[in-house]
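*Asks:* Compute the structure for the input listed below.
(one chain, ligands or ions: 1)
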Amino acid sequence: MTSARPHTPADGVVVGGHAQCVRHPNASPLTYRGTNTWLLAAPGASWAVVVDPGPDDPSCLERIEAALTARGMGVSAVLLTHDHADHAGCAVAAAARFDAPVRGLRAGTLAAGPLVVDGTDLVLEVLELAGHSSDSVGFYVPDGDLIVTGDVLFAQSPTMVCWPDGRMGDYLASLDRLAHFVSERGVRHLCTAHGAVIDDPRGRIDAARAHRARRLNQVVAAVRSGIPADAPALVEAIYNDVAPDLHDAAVRSVNAQLRYAYDEGLLQEHRSTR
Ligand SMILES: [Zn+2]
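*Replies:* Prediction:
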(Lines give C-alpha, C1' and ligand atoms only; values in the text may rest on other atoms or scores of the structure.)
Protein backbone atom coordinates (compact mmCIF):
# COMPACT_ATOMS: atom_id res chain seq x y z
CA MET A 1 0.00 0.00 0.00
CA THR A 2 1.65 3.24 -1.07
CA SER A 3 -0.67 5.79 0.49
CA ALA A 4 -2.47 5.65 3.80
CA ARG A 5 -5.63 7.40 2.57
CA PRO A 6 -5.53 7.76 -1.18
CA HIS A 7 -9.16 8.75 -1.68
CA THR A 8 -9.74 10.95 1.34
CA PRO A 9 -10.01 14.65 0.51
CA ALA A 10 -7.76 16.74 2.70
CA ASP A 11 -10.38 19.36 3.60
CA GLY A 12 -9.89 20.68 7.12
CA VAL A 13 -6.88 18.55 7.99
CA VAL A 14 -3.86 20.16 9.64
CA VAL A 15 -0.60 18.56 8.51
CA GLY A 16 2.54 18.62 10.62
CA GLY A 17 0.99 21.31 12.82
CA HIS A 18 1.75 23.89 10.13
CA ALA A 19 -0.49 23.40 7.08
CA GLN A 20 -4.29 23.60 7.09
CA CYS A 21 -6.29 22.56 4.04
CA VAL A 22 -9.27 24.52 2.72
CA ARG A 23 -10.85 22.59 -0.16
CA HIS A 24 -12.95 24.30 -2.82
CA PRO A 25 -15.89 22.54 -4.52
CA ASN A 26 -14.57 22.87 -8.11
CA ALA A 27 -14.59 19.12 -8.67
CA SER A 28 -13.98 17.92 -12.26
CA PRO A 29 -12.07 15.14 -14.04
CA LEU A 30 -8.90 17.26 -13.92
CA THR A 31 -9.35 18.84 -10.48
CA TYR A 32 -10.57 15.63 -8.78
CA ARG A 33 -12.55 16.64 -5.64
CA GLY A 34 -11.57 20.31 -6.05
CA THR A 35 -8.56 22.55 -5.40
CA ASN A 36 -6.83 22.43 -2.01
CA THR A 37 -5.73 25.81 -0.65
CA TRP A 38 -3.07 25.46 2.05
CA LEU A 39 -2.79 27.92 4.94
CA LEU A 40 0.75 27.82 6.32
CA ALA A 41 1.38 29.11 9.84
CA ALA A 42 3.14 28.08 13.02
CA PRO A 43 0.81 26.96 15.84
CA GLY A 44 -0.63 30.05 17.54
CA ALA A 45 0.77 32.46 14.94
CA SER A 46 -1.07 35.66 14.04
CA TRP A 47 -0.16 35.58 10.35
CA ALA A 48 -0.55 32.91 7.69
CA VAL A 49 0.72 32.40 4.19
CA VAL A 50 -2.01 31.34 1.72
CA VAL A 51 -0.83 28.91 -0.97
CA ASP A 52 -3.00 28.57 -4.12
CA PRO A 53 -6.13 30.56 -3.21
CA GLY A 54 -8.17 28.70 -5.86
CA PRO A 55 -10.31 29.31 -8.93
CA ASP A 56 -11.96 32.58 -9.94
CA ASP A 57 -14.98 32.24 -7.65
CA PRO A 58 -15.75 34.67 -4.80
CA SER A 59 -16.80 31.77 -2.57
CA CYS A 60 -13.13 30.69 -2.41
CA LEU A 61 -12.29 33.88 -0.55
CA GLU A 62 -15.20 33.31 1.83
CA ARG A 63 -13.94 29.83 2.64
CA ILE A 64 -10.37 30.99 3.19
CA GLU A 65 -11.48 33.93 5.30
CA ALA A 66 -13.64 31.71 7.51
CA ALA A 67 -10.66 29.43 8.20
CA LEU A 68 -8.42 32.41 8.97
CA THR A 69 -11.00 34.07 11.21
CA ALA A 70 -11.49 30.88 13.20
CA ARG A 71 -7.79 31.04 14.12
CA GLY A 72 -7.58 34.84 14.37
CA MET A 73 -4.99 35.10 11.61
CA GLY A 74 -4.18 37.70 8.97
CA VAL A 75 -2.42 37.01 5.66
CA SER A 76 1.19 37.97 5.02
CA ALA A 77 1.43 36.65 1.42
CA VAL A 78 -0.45 34.74 -1.27
CA LEU A 79 1.91 32.20 -2.86
CA LEU A 80 1.35 30.20 -6.05
CA THR A 81 2.66 26.70 -6.75
CA HIS A 82 2.02 27.62 -10.42
CA ASP A 83 -0.33 29.93 -12.27
CA HIS A 84 -3.00 27.55 -13.63
CA ALA A 85 -6.52 28.93 -13.25
CA ASP A 86 -7.76 26.38 -10.71
CA HIS A 87 -4.97 27.51 -8.35
CA ALA A 88 -4.46 31.18 -9.17
CA GLY A 89 -7.79 32.31 -10.64
CA CYS A 90 -8.68 34.30 -7.52
CA ALA A 91 -5.11 35.34 -6.61
CA VAL A 92 -5.55 39.03 -7.46
CA ALA A 93 -8.89 39.16 -5.63
CA ALA A 94 -7.32 37.36 -2.65
CA ALA A 95 -4.44 39.84 -2.56
CA ALA A 96 -6.91 42.74 -2.48
CA ARG A 97 -9.19 41.13 0.10
CA PHE A 98 -6.36 40.14 2.47
CA ASP A 99 -4.09 43.10 1.70
CA ALA A 100 -1.10 40.89 0.90
CA PRO A 101 1.19 40.50 -2.12
CA VAL A 102 0.88 37.62 -4.64
CA ARG A 103 4.13 35.79 -5.36
CA GLY A 104 4.77 33.24 -8.11
CA LEU A 105 7.64 31.97 -10.23
CA ARG A 106 6.24 33.02 -13.61
CA ALA A 107 5.72 36.59 -12.42
CA GLY A 108 9.33 36.72 -11.20
CA THR A 109 8.30 37.31 -7.58
CA LEU A 110 9.62 33.97 -6.30
CA ALA A 111 13.01 32.28 -6.67
CA ALA A 112 14.43 28.91 -5.62
CA GLY A 113 15.91 28.84 -2.14
CA PRO A 114 15.01 30.29 1.25
CA LEU A 115 11.88 32.42 1.11
CA VAL A 116 11.50 35.44 3.36
CA VAL A 117 7.93 36.66 3.73
CA ASP A 118 7.49 40.01 5.46
CA GLY A 119 5.28 39.83 8.52
CA THR A 120 5.91 36.19 9.40
CA ASP A 121 8.82 34.30 10.88
CA LEU A 122 7.66 31.03 9.30
CA VAL A 123 10.69 29.29 7.78
CA LEU A 124 10.05 28.50 4.10
CA GLU A 125 12.07 27.28 1.16
CA VAL A 126 11.11 27.28 -2.52
CA LEU A 127 11.89 24.18 -4.61
CA GLU A 128 11.77 24.40 -8.40
CA LEU A 129 9.66 21.48 -9.65
CA ALA A 130 9.02 22.21 -13.33
CA GLY A 131 7.29 19.58 -15.46
CA HIS A 132 3.54 19.76 -14.88
CA SER A 133 4.11 23.39 -15.91
CA SER A 134 7.32 25.33 -16.41
CA ASP A 135 6.59 27.50 -13.35
CA SER A 136 5.80 24.72 -10.84
CA VAL A 137 7.37 25.07 -7.40
CA GLY A 138 7.02 23.45 -4.00
CA PHE A 139 7.06 25.19 -0.62
CA TYR A 140 9.06 23.37 2.03
CA VAL A 141 8.09 23.98 5.65
CA PRO A 142 10.85 22.35 7.72
CA ASP A 143 9.04 22.81 11.04
CA GLY A 144 6.13 20.75 9.68
CA ASP A 145 8.27 18.15 7.84
CA LEU A 146 6.16 18.93 4.77
CA ILE A 147 6.22 20.32 1.25
CA VAL A 148 3.21 21.91 -0.47
CA THR A 149 3.65 20.37 -3.92
CA GLY A 150 0.83 21.76 -6.09
CA ASP A 151 0.21 19.50 -9.10
CA VAL A 152 3.57 17.67 -9.11
CA LEU A 153 2.18 14.46 -7.55
CA PHE A 154 -1.19 13.18 -6.42
CA ALA A 155 -2.16 10.36 -4.07
CA GLN A 156 -5.00 9.20 -6.32
CA SER A 157 -3.63 9.44 -9.87
CA PRO A 158 -0.72 10.49 -12.07
CA THR A 159 -0.45 14.20 -12.86
CA MET A 160 -0.54 15.73 -16.34
CA VAL A 161 2.53 17.10 -18.10
CA CYS A 162 0.96 20.14 -19.76
CA TRP A 163 2.83 20.17 -23.06
CA PRO A 164 4.16 22.46 -24.48
CA ASP A 165 4.66 24.55 -21.32
CA GLY A 166 5.29 21.39 -19.31
CA ARG A 167 8.15 19.09 -20.39
CA MET A 168 8.74 15.43 -19.60
CA GLY A 169 12.49 15.87 -19.17
CA ASP A 170 11.87 18.64 -16.64
CA TYR A 171 9.30 16.51 -14.85
CA LEU A 172 11.62 13.51 -14.49
CA ALA A 173 14.43 15.77 -13.27
CA SER A 174 12.05 17.35 -10.75
CA LEU A 175 11.03 13.93 -9.42
CA ASP A 176 14.72 13.09 -8.93
CA ARG A 177 15.36 16.40 -7.17
CA LEU A 178 12.29 15.96 -4.99
CA ALA A 179 13.27 12.40 -4.06
CA HIS A 180 16.74 13.55 -3.06
CA PHE A 181 15.37 16.50 -1.07
CA VAL A 182 12.77 14.37 0.73
CA SER A 183 15.41 11.82 1.78
CA GLU A 184 17.97 14.40 2.80
CA ARG A 185 15.58 16.49 4.90
CA GLY A 186 13.34 13.73 6.21
CA VAL A 187 10.18 15.17 4.66
CA ARG A 188 7.14 13.19 5.80
CA HIS A 189 4.17 14.81 4.05
CA LEU A 190 3.44 16.18 0.59
CA CYS A 191 0.44 18.52 0.68
CA THR A 192 -1.09 18.13 -2.78
CA ALA A 193 -3.43 20.53 -4.59
CA HIS A 194 -6.07 17.91 -5.40
CA GLY A 195 -7.10 14.97 -3.22
CA ALA A 196 -5.35 13.57 -0.19
CA VAL A 197 -2.05 14.30 1.52
CA ILE A 198 0.79 11.96 0.53
CA ASP A 199 2.26 10.47 3.72
CA ASP A 200 4.86 8.25 2.02
CA PRO A 201 6.68 10.71 -0.26
CA ARG A 202 9.38 8.31 -1.47
CA GLY A 203 6.88 5.58 -2.31
CA ARG A 204 4.71 7.96 -4.31
CA ILE A 205 7.68 9.51 -6.13
CA ASP A 206 8.94 6.05 -7.06
CA ALA A 207 5.45 5.11 -8.29
CA ALA A 208 5.33 8.25 -10.46
CA ARG A 209 8.73 7.44 -11.97
CA ALA A 210 7.63 3.87 -12.70
CA HIS A 211 4.41 5.13 -14.26
CA ARG A 212 6.26 7.55 -16.56
CA ALA A 213 8.74 4.87 -17.59
CA ARG A 214 5.90 2.47 -18.41
CA ARG A 215 4.03 5.07 -20.48
CA LEU A 216 7.21 6.07 -22.31
CA ASN A 217 7.93 2.44 -23.15
CA GLN A 218 4.37 2.07 -24.42
CA VAL A 219 4.67 5.14 -26.66
CA VAL A 220 8.04 4.09 -28.07
CA ALA A 221 6.89 0.50 -28.67
CA ALA A 222 3.67 1.68 -30.34
CA VAL A 223 5.49 4.00 -32.76
CA ARG A 224 8.07 1.31 -33.54
CA SER A 225 5.22 -1.10 -34.28
CA GLY A 226 3.86 1.27 -36.92
CA ILE A 227 1.23 3.35 -35.09
CA PRO A 228 1.57 6.97 -36.33
CA ALA A 229 3.66 9.24 -34.09
CA ASP A 230 0.59 11.31 -33.49
CA ALA A 231 -0.73 11.94 -30.00
CA PRO A 232 -4.46 11.27 -30.57
CA ALA A 233 -3.67 7.99 -32.38
CA LEU A 234 -1.33 6.95 -29.59
CA VAL A 235 -3.84 7.83 -26.88
CA GLU A 236 -6.38 5.70 -28.71
CA ALA A 237 -3.91 2.81 -28.80
CA ILE A 238 -2.37 3.10 -25.33
CA TYR A 239 -4.65 4.93 -22.92
CA ASN A 240 -7.52 2.48 -23.11
CA ASP A 241 -7.45 2.35 -19.29
CA VAL A 242 -8.12 6.11 -18.98
CA ALA A 243 -11.62 7.61 -18.76
CA PRO A 244 -12.71 9.35 -22.01
CA ASP A 245 -13.01 12.75 -20.29
CA LEU A 246 -9.27 12.59 -19.52
CA HIS A 247 -8.26 11.95 -23.14
CA ASP A 248 -7.39 15.61 -23.81
CA ALA A 249 -5.04 15.52 -20.84
CA ALA A 250 -3.58 12.26 -22.13
CA VAL A 251 -2.93 13.88 -25.54
CA ARG A 252 -0.85 16.55 -23.84
CA SER A 253 1.11 13.99 -21.86
CA VAL A 254 1.72 11.84 -24.97
CA ASN A 255 2.99 14.88 -26.86
CA ALA A 256 5.37 15.48 -23.95
CA GLN A 257 6.49 11.84 -24.12
CA LEU A 258 7.01 11.96 -27.90
CA ARG A 259 9.16 15.09 -27.58
CA TYR A 260 11.15 13.43 -24.82
CA ALA A 261 11.61 10.24 -26.89
CA TYR A 262 12.94 12.29 -29.83
CA ASP A 263 15.24 14.35 -27.63
CA GLU A 264 16.63 11.20 -25.99
CA GLY A 265 17.11 9.44 -29.35
CA LEU A 266 14.59 6.70 -28.53
CA LEU A 267 12.64 7.53 -31.69
CA GLN A 268 13.54 9.17 -35.00
CA GLU A 269 11.60 12.32 -35.66
CA HIS A 270 9.83 12.44 -39.05
CA ARG A 271 7.34 15.13 -38.22
CA SER A 272 7.12 17.90 -35.65
CA THR A 273 4.95 17.63 -32.56
CA ARG A 274 2.92 20.51 -31.30
ZN1 LIG B 1 -1.90 22.85 -12.77
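*Asks:* just how off-centre is stretch 205-217 within its chain?
*Replies:* 17 Å (C-alpha atoms, centre = their mean, to the nearest Å).
*Asks:* where do the strands sit along the stretch 151-274 of the chain?
*Replies:* 189-192 (DSSP state E, counting those that start in this stretch).
*Asks:* what's the neighbour count on Asp241?
*Replies:* 5 (other C-beta atoms under 10 Å). For glycine as for every other residue, the C-beta is placed from the backbone atoms N, C-alpha and C.
*Asks:* got it, and Trp38?
*Replies:* 28.
*Asks:* Now it: which helix or strand?
*Replies:* In the assignment (DSSP states H and E), Trp38 maps to strand 36-40.
*Asks:* Partner strands of that strand and their direction?
*Replies:* The strands beside strand 36-40 in its sheet (DSSP bridges) come out as strand 19-23 (antiparallel), strand 47-51 (antiparallel).
*Asks:* closest point of this structure to the ion, which residue?
*Replies:* Residue nearest to the ion within the chain: His84 (3.4 Å; C-beta to the ion).
*Asks:* Please tell me I have it right and that residue contacts Asp135.
*Replies:* No: His84 is beyond contact range of Asp135, at 9.1 Å (criterion: C-beta atoms under 8 Å).
*Asks:* Flag every residue of the protein that's near the ion.
*Replies:* His84, Asp151 (C-beta under 5 Å from the ion).
*Asks:* what packs against whichever helix in the chain runs longest?
*Replies:* Identified as the longest helix of the chain according to DSSP state H is helix 201-224. Where contact means 3 or more C-beta pairs under 8 Å, 6 or more residues apart in numbering; DSSP states H and E, helix 201-224 is packed against helix 168-185, strand 189-192, helix 231-238, helix 247-263.
*Asks:* want to throw those into CSV with mean pLDDT?
*Replies:* Converted to CSV, these look like this (pLDDT from 0 to 100):
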stretch, mean pLDDT
helix 168-185, 97
strand 189-192, 96
helix 231-238, 91
helix 247-263, 93
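*Asks:* Just say which of those is most tucked in.
*Replies:* strand 189-192 (a mean of 26; mean count of other C-beta atoms under 10 Å).
*Asks:* Fine by me, we can end here.
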